[in-house]
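In: Provided below are the primary sequence and the corresponding predicted coordinates.
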Amino acid sequence: ARKKIKNILADQIEQYNDIIVMGWVRTKRVSKNIAFIEINDGSCLKNLQLVILEPEEFPLAEINTGSSIKVTGYIDKVEGREQSVEMKVEQLEIIGEAPADYLLQKKRHSFEFLREIAHLRPRTNTFGVINRFRSKMSYAVHDYFYKNDFKYIHTPIITAGDAEGAGEVFKVSTLDFKNLPQNDQGAIDYTQDFFGEETGLTVSGQLEAELMATALGDVYTFGPTFRAENSNTSRHASEFWMIEPEMAFCDLTEMMTLMEDFIKNLFNFALQQSPEEMEFFNKWIDKGRQQIIADIVEADFGRITYTEAVDILEKSKADFEYPVSWGIDLQSEHERFLTEEYFKKPVMVTDYPKEIKAFYMRMNQDQKTVAAVDCLVPGVGEIIGGSQREERYDVLKARMEELEMDLEKYQWFLDIRKYGSVPHSGFGLGFERLLMYLSGMQNIRDVIAFPRTPGSAKF
Ligand code: 4AD
Ligand code: MG
C-alpha cells in the first residue's frame, strides 16, 4: 500500500512489507555495493532514507536531486530509533527526471536567493515547514471561531467601496486598454471601469462584515485583501490574508478580551499541535522562539491608551528619528520602543486621535479620540487593528461629510445604523504578520508562497 513518510515515521509497526513511497530526491550517495537516496514527500520535514543493496540493478545514474521517484520495498524498524528507519528498495521507478543543474542543491541558500526561485522554494526544508505551518494555522483560526459559534462569511473581493478610506484601492477594470473610452474632453473615461461602475479590490471585508454581524451576531472573514501601497518594507505586502471577526452587541473592552483570547489560543495551538514546525523555527530561525510564545500565552497583554503611550515615549530617553507629540501616527521605532523596551510583550493601544484613524470608528466622549485598538508585538509591530464602530447614524454621517466621502455610495452602510442599530466591534489580524511573529521570520515575503509586493508578480 502507498504510505506517506510522516505516517511511516510515526507508526509503531515493526515491519512493513510491500509499501510504496513517492517523493522527490534530496540526496544520492552511490558506492559499489550500496546506494542511499533520501526522499521527501512533503508530508513532513523529515526525509526517508532509501537503501539500495544492488546498485547496478537500478537506473541510479539518471537520478538527480529534484527527481521524482516511486519506490516499492520493505522496512525493518530498529527499535526505539526513529532516525534509523530505512526502507530497503526492491523496485524503483523514475517518474520525472531532473537535470543536474537543478537549483536547489544540498546546501543552505539565502532567503533572498530563494525568493528569486519562488517556484522551487517550497521544496526546501524551511519553506516546506512554513507552508505546512500556514496550513495548520489556517485551520486553527477556523477551529477557534467554530468553537465560539462565529459564522464564517465570505465578503466580496471586487467592491465599489474603500473600507479604510485610505485611497489604497487597486482598480478593477473591464476597459479595453488598447481602446480606451474617452469623455467629452478627450480624457480617458474611467467611470466606465467595471461594466459602468467604478470598482476595486477589497482592502478589508469589514464593512460587509458589519452588515452580516447585524444579522447573524458573531461573524468572521478570512480571505485575501489588497493594498495599493507602494511601500517596500519587510512587513507590507500588496496582497495579504486578513482575519476579521465582527461582533454585534459588543463594545471595545469586550472585543479586546476576545482579541487576547484568540491570539493566545492560536499560540497555544502552534505549540501543541504544530510541534515539528515550532521546533524547527526554534532551532533554525530564531533561538528561543518557543519559549517566547509560551510566555505570551501565560502573561496578560499590556493595555494603554494612545495618550499614555505618547507620554511614555516623550518621557523616554530614546532618541527617535521621528519626533513624538500628541497627534502623530506611531512610527515603527515608537512601536518597537513600546513593545521591546517598555512592555517586553504584546501591548494593546487604545483611543487614538480621530484624525489618524478610519471614518467608521466610534467617537469618544472627548470628541478628540476614537474607540480604536491596535495590538503591537515585539519584532513585528502592529499585527491587529480594530475598533468599536460608530453605531449612531447622525454621528457617523457627520463624520463622513466632514471627510467629504461619497454618501450615496455608502448609504447601505449608513442604513445599518438606521434599522435596529447596535453597538458592535471588530478587528483585523494580518495572517502573515501572525506567522512572522510565531516563526521569527523577518520578512513577509517569506511566510507567503507567492508574495505580491511592488516588483514581484512573476510567480
Ligand atoms: O489596520 P488595518 O488596516 O485594519 C483594517 O483593515 C480594519 N478594517 C480591520 C477591522 O477592523 N476589521 O489592517 C489590519 C491588519 C494590520 O494590523 C496588519 O496586521 C495587517 O492587517 N495589514 C497588513 N499586512 C500585510 N501587508 C499590509 N500591507 C498590511 N496592511 C495591514
Ligand atoms: Mg492599522
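Out: Thanks, I have the structure now. Numbers count the residues shown, from 1 in each chain. Ligands and ions are numbered 1, 2, ... in the order given.
In: now the helices for the stretch 251-400 of the chain?
Out: Remark: helices assigned in the stretch 251-400 of the chain by DSSP state H, counting those that start in this stretch are 252-273, 275-280, 289-298, 306-315, 332-336, 393-402.
In: Leu313 contacts Pro323, correct?
Out: No: distance between Leu313 and Pro323: 9.8 Å, which falls outside the contact criterion (Cβ atoms under 8 Å). All C-beta atoms are positioned from the backbone trio N, CA, C, and that covers glycine.
In: Give the buried residues for stretch 244-263.
Out: For stretch 244-263, the neighbour count (16 or more other Cβ atoms under 10 Å) marks 244-248, 250, 252, 255-256, 258-260, 262-263 as buried.
In: Over to stretch 128-145?
Out: In stretch 128-145, counting by 16+ other Cβ under 10 Å, buried: 128-134, 136-137, 140-141, 144-145.
In: do stretch 339-357 as well
Out: Buried, per 16+ other Cβ under 10 Å, within stretch 339-357: 339, 342-343, 345-354, 357.
In: want to try a markdown table for these, with pLDDT and distance to Glu198 as columns?
Out: Converted to a markdown table, these look like this (pLDDT from 0 to 100; distance: Cβ to Cβ, whole Å):
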| residue | pLDDT | distance to Glu198 |
| --- | --- | --- |
| Thr339 | 97 | 39 |
| Tyr342 | 97 | 44 |
| Phe343 | 97 | 43 |
| Lys345 | 96 | 44 |
| Pro346 | 97 | 39 |
| Val347 | 98 | 39 |
| Met348 | 98 | 36 |
| Val349 | 98 | 35 |
| Thr350 | 98 | 35 |
| Asp351 | 98 | 34 |
| Tyr352 | 98 | 30 |
| Pro353 | 98 | 30 |
| Lys354 | 98 | 27 |
| Lys357 | 97 | 25 |
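In: Need the max-distance pair from those.
Out: Lys345 and Lys354 (28.0 Å; Cβ to Cβ).
In: Any idea which helix or strand in the chain has the lowest mean pLDDT?
Out: strand 171-172 (a mean of 89; mean pLDDT, DSSP states H and E).
In: immediately after it, which helix or strand?
Out: For strand 171-172, the following helix or strand on the C-terminal side (DSSP states H and E) is strand 199-201.
In: and that next one, which strands flank it?
Out: strand 158-159 (antiparallel), strand 171-172 (antiparallel) (DSSP bridges).
In: so which of those comes closest to Ala237?
Out: strand 171-172 (18.3 Å).
In: mind checking how far that closest one is from the chain centre?
Out: The chain centroid and the centroid of strand 171-172 are separated by 23 Å under Cα atoms, centre = their mean, to the nearest Å.
In: Likewise for stretch 433-441?
Out: 8 Å.
In: How about stretch 25-38?
Out: Taking Cα atoms, centre = their mean, the mean C-alpha location of stretch 25-38 is offset from the chain mean by 38 Å.
In: which other residues reach that stretch?
Out: With Cβ atoms under 8 Å, 6 or more residues apart in numbering as the test, stretch 25-38 has contacts from 39-40, 47-53, 55, 58, 60, 63-69, 89, 98, 106.
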